[in-house]
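Colleague: need a structure here:
(one chain, ligands or ions: 3)
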Amino acid sequence: MRSSGVEEHNRIDRLTGVYTKEYFYQEARKLIDENPKIRFAILEMDINRLTMINELMGMAEGDRLLSYIGSVLMEIFTHEPHSIYGRIHADLFAVCCPYEESRMFQYINLIETAIKEYQINFEILVTFGIYLCDEKKLNVSIMCDRANMALKSVKGNYVTHCAFYDNNMHDKKMREQEITQHMNKALKNREFVVYFQPKHSLDDNSIIGAEALVRWVSPEKGMISPGEFIPVFEENGFIMKLDAYVWEETCAFIRKRLDDEKEIPPISVNVSRVNMYNPMLCDTLSKIVKKYKIPNGLLELELTESAYTENPQLMIQTIKQLQQLGFRVEMDDFGSGYSSLNMLKDVPVDVLKIDLNFLSGNSNQEKGTSIMSAIVRMAKWLGIPAIVEGVETKEQVVFLKSIGCTMAQGYYYAKPMSRQDFEKYLESGFRIAPKEELVQKEPDIYLDFEQLWKSGTRGFDLYSDIPSACGLYEKEQNQIELIRATDGYYDMVHSNRKEFYFDGLYLLGWIPEEDRPIVMKMFDDAENGMIGEGLYRRNCHDGTTIWLHTKIKNVSNDGKRKMFLAMINDVTKFVDDKSGKMKQ
Ligand code: C2E
Ligand code: CA
Ligand code: CA
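Modeller: Ligands and ions are numbered 1, 2, ... in the order given. This next block holds a predicted model:
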């Protein structure tokens with residue numbers, strides 16, 4: 001018989017050594033047809049950030065990874081009966097093999113383990129989709145599409161890496177196709193409408209801003225929520241057009257208010273994470289604000305934290321550029337990802353936006369509230385204003401106030417509303433805070449700090465020409481936490497404010513064990529009304545150890561928080577290391 005189908009030289013993918021797409025389709029077809037008793041499955045896998053590896057480390061590095069994956073598949077499946085594997089395109093591989101659940105998970109495990117072992121300076125994530133080939137007559141390419149739909153449903157998901165195809169995915173795909181078909185016309189027909197949701201001050205209820213949120217008002221289907229179409233637009237790239245449209249509509253609105261000499265608070269617009277990859281982003285935005293002559297500070301940008309997870313370097317660079325253009329940047333969905341803390345270390349955001357639903361939405365309410373307090377506290381420490389969204393009840397407002405939150409957005413105040421309704425809202429008697437006020441007000445205890453430090457240290461004898469520093473501590477049982485410090489403090493311990501937040505706040509961790517009793521006694525004395533005093537060693541952030549002489553006094557007696565003011569001097573050069581005493 002004449003051999004039909006894929007020609008010999010097109011059967012093996014040169015780069016990876018596995019079957020080409022065409023040959024895989026052909027062989028899978030044969031496999032399924034020739035073994036009617038076996039239930040087959042298509043397993044597809046995809047590397048999440050191959051393009052980035054290519055961009056950052058060069059194509060050769062990307063190729064090396066692909067060929068490694070080829071070899072992994074070969075090792076796992078070559079000796080498995082009735083199993084074949086191929087590369088469908090770029091970073092998408094497929095396996096066709098007999099289905100048995102536990103076996104399937106074993107395969108996935110083996111692949112993931114092999115990829116973890118791969119030597120590369122980059123986190124590689126793989127996602128899997130599985131289609132059970134029960135409709136045996138279906139084209140293999142369609143079977144692969146279905147495995148791919150399953151795969152896409154978990155792509156970018158940090159918890160689940162694997163999904164099975166089900167029929168809902170098919171329906172969803174059809175809806176998505178419909179959205180894609182209609183989007184261009186809808187934009188032209190102005191079916192996309194910008195809504196506004198006010199942001200309020202928790203102190204005096206004044207309006208401190210609003211967020212622009214898009215709606216699709218379709219003549220046939222009515223109002224479609226962004227949750228349905230935004231993900232589709234992010235996938236097909238249309239989001240860049242839609243975002244720009246929303247920015248322009250928002251600017252036109254701000255301009256109109258200004259021309260009519262009516263008050264307008266800053267309005268924030270969303271910038272999709274996809275726009276991070278848009279080289280024209282800055283250009284587009286600055287053209288729009290120029291066109292409508294929007295004064296600095298009236299248009300703000302919301303960027304979602306998930307963009308950081310995807311590509312930290314690009315995110316940092318983009319934010320810096322946008323800030324240079326004069327935009328304030330809000331970090332949307334802060335706390336929802338896995339990189340929040342890392343991100344804050346590197347990214348110079350102006351405002352953190354925290355969604356209450358991310359935290360209280362999941363079962364553990366208590367954990368949610370403590371995370372929220374921790375985030376608000378951290379934001380204060382770093383001097384970054386924070387706004388909480390998704391606020392729905394009076395209780396939440398009370399809680400947020402209690403942890404020192406100052407700004408909120410949510411149904412409790414108002415739902416997103418049309419431009420007309422928003423104008424009425426602006427005229428309904430709320431005070432509208434001028435944009436300058438948005439800068440965070442420091443909580444009292446911090447404001448008082450400089451004052452406190454001046455008056456509180458009176459009577460503390462200071463060493464002249466020795467580095468000295470001042471810190472405010474809170475003591476709770478046997479933990480001593482730094483609440484505030486002067487710049488001299490960070491210099492003294494060879495650190496800086498940010499670095500300190502992340503691992504420096506608990507004092508005792510930095511004191512060599514044998515000196516801890518000295519420090520504790522110092523605090524005990526202060527608690528008893530005396531001036532505590534001590535000479536002890538402290539490890540610094542750069543690995544060195546210094547000698548400190550400290551005097552502290554208790555500065556808060558309200559019974560709730562035990563606060564101490566400390567005056568600290570680096571006396572290393574005066575101390576005899578052996579005896580631990582001051583040199584004579
Ligand atoms: P987001 O930016 O996090 O917007 C906040 C979402 O929370 C909005 O949903 C808002 O209506 C909703 N929300 C406000 N207050 C409350 C509340 O008290 N409780 C609850 N449960 N929800 C509240 P919406 O308008 O459906 O938008 C969903 C998402 O779609 C937005 O999330 C944003 O990521 C995206 N989006 C909306 N408009 C645009 C846009 O113009 N461009 C881009 N790129 N994305 C947009
Ligand atoms: Ca937002
Ligand atoms: Ca949000």
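
Colleague: Could you pick out the residues of this protein near ligand 1 for me?
Modeller: Neighbours of ligand 1 within the chain, by CB under 6 Å from any ligand atom: 197, 213-214, 225-227, 230, 239, 243, 246, 270, 272, 332-333, 357, 389-392, 410-411, 416. No exception for glycine: its C-beta is placed from N, CA and C like everyone else's.

Colleague: Restricted to strands, list those.
Modeller: Within the residues of the chain next to ligand 1, residues falling in strands by DSSP state E are 197, 213-214, 270, 332, 389.

Colleague: What subset of the residues of the chain next to ligand 1 is buried?
Modeller: For these, a burial check counting by 16 or more other CB atoms under 10 Å picks out 197, 213-214, 226, 230, 239, 243, 246, 270, 272, 332-333, 389-391, 410, 416.

Colleague: So which of those reach ligand 3?
Modeller: 332-333 (CB under 5 Å from the ion).

Colleague: would you list every one of the strands in the stretch 151-300 of the chain?
Modeller: In the stretch 151-300 of the chain, the strands defined using DSSP state E, counting those that start in this stretch lie at 162-164, 192-201, 207-218, 222-224, 267-271, 299-304.

Colleague: Of those strands, flag the one that's most buried.
Modeller: strand 267-271 (a mean of 25; mean count of other CB atoms under 10 Å).

Colleague: Dump that one to PDB, keeping only the CA atoms.
Modeller: Written as PDB, here are the backbone C-alpha positions of strand 267-271 (Å, rounded to 0.1, in the frame of the first residue of the first chain):
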ATOM      1  CA  ILE A 267     -11.300  60.100  38.100                       C
ATOM      2  CA  SER A 268      -9.400  56.800  37.800                       C
ATOM      3  CA  VAL A 269      -9.500  54.600  34.700                       C
ATOM      4  CA  ASN A 270      -8.500  51.000  34.400                       C
ATOM      5  CA  VAL A 271      -5.400  50.000  32.400                       C
END
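
Colleague: Pairing partners for that strand, with directions?
Modeller: strand 207-218 (parallel), strand 299-304 (parallel) (DSSP bridges).

Colleague: So for ligand 2, which of those sits nearest?
Modeller: strand 299-304 (4.1 Å; CB to the ion).

Colleague: what's the average pLDDT for the helix or strand following that closest one?
Modeller: Next in sequence after strand 299-304, counting helices and strands by DSSP states H and E, comes helix 305-310. Average pLDDT, helix 305-310: 82.

Colleague: how far does helix 305-310 sit from the chain's center?
Modeller: Its chain's C-alpha centre and that of helix 305-310 lie 5 Å apart, by CA atoms, centre = their mean, to the nearest Å.

Colleague: Output the helix or strand just after it as CSV, nothing but the C-alphas.
Modeller: Using DSSP H and E, the helix or strand that follows helix 305-310 towards the C-terminus is helix 312-324. Extracted C-alpha coordinates of helix 312-324, given in CSV (Å, rounded to 0.1, in the frame of the first residue of the first chain):
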residue,chain,number,x,y,z
PRO,A,312,7.6,42.5,37.2
GLN,A,313,10.3,44.3,35.2
LEU,A,314,7.9,45.6,32.6
MET,A,315,5.4,46.6,35.2
ILE,A,316,8.0,48.6,37.2
GLN,A,317,9.3,50.3,34.0
THR,A,318,5.8,51.2,32.8
ILE,A,319,4.7,52.6,36.2
LYS,A,320,7.8,54.8,36.3
GLN,A,321,7.1,56.1,32.8
LEU,A,322,3.5,56.9,33.6
GLN,A,323,4.5,58.7,36.8
GLN,A,324,7.0,60.8,34.9
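
Colleague: And the strands in the stretch 301-450 of the chain, which stretches?
Modeller: For the stretch 301-450 of the chain, the strands defined by DSSP E, counting those that start in this stretch occupy 329-332, 351-355, 386-389, 407-409.

Colleague: could you redo the ones you listed as CSV and give each row mean pLDDT and distance to ligand 2?
Modeller: Shown next, in CSV, are these (pLDDT from 0 to 100; distance: least, CB to the ion, whole Å):
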stretch, mean pLDDT, distance to ligand 2
strand 329-332, 94, 4
strand 351-355, 92, 7
strand 386-389, 94, 7
strand 407-409, 97, 9
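
Colleague: Tell me which of those sits nearest to residue 108.
Modeller: Closest approach to residue 108 among the strands of the stretch 301-450 of the chain is made by strand 351-355 (31.9 Å; CB to CB).

Colleague: Between all of the ones in strands among the residues of the chain next to ligand 1, which two are separated the most?
Modeller: Applying CB to CB across those, the maximum distance is between 214 and 389, 16.2 Å.

Colleague: Output the below-cut-off pLDDT ranges for this protein.
Modeller: Scanning the chain for pLDDT under 70 picks out the ranges 1-4, 337-342, 345, 359-368, 381, 438-468, 502-504, 556-561, 584.

Colleague: and it, which residues reach ligand 3?
Modeller: 332-333, 355.

Colleague: Am I right that residue 122 sits in a strand?
Modeller: No - checked against DSSP: H, G, I helix; E, B strand; the rest coil, residue 122 lies outside a strand; its state is coil.
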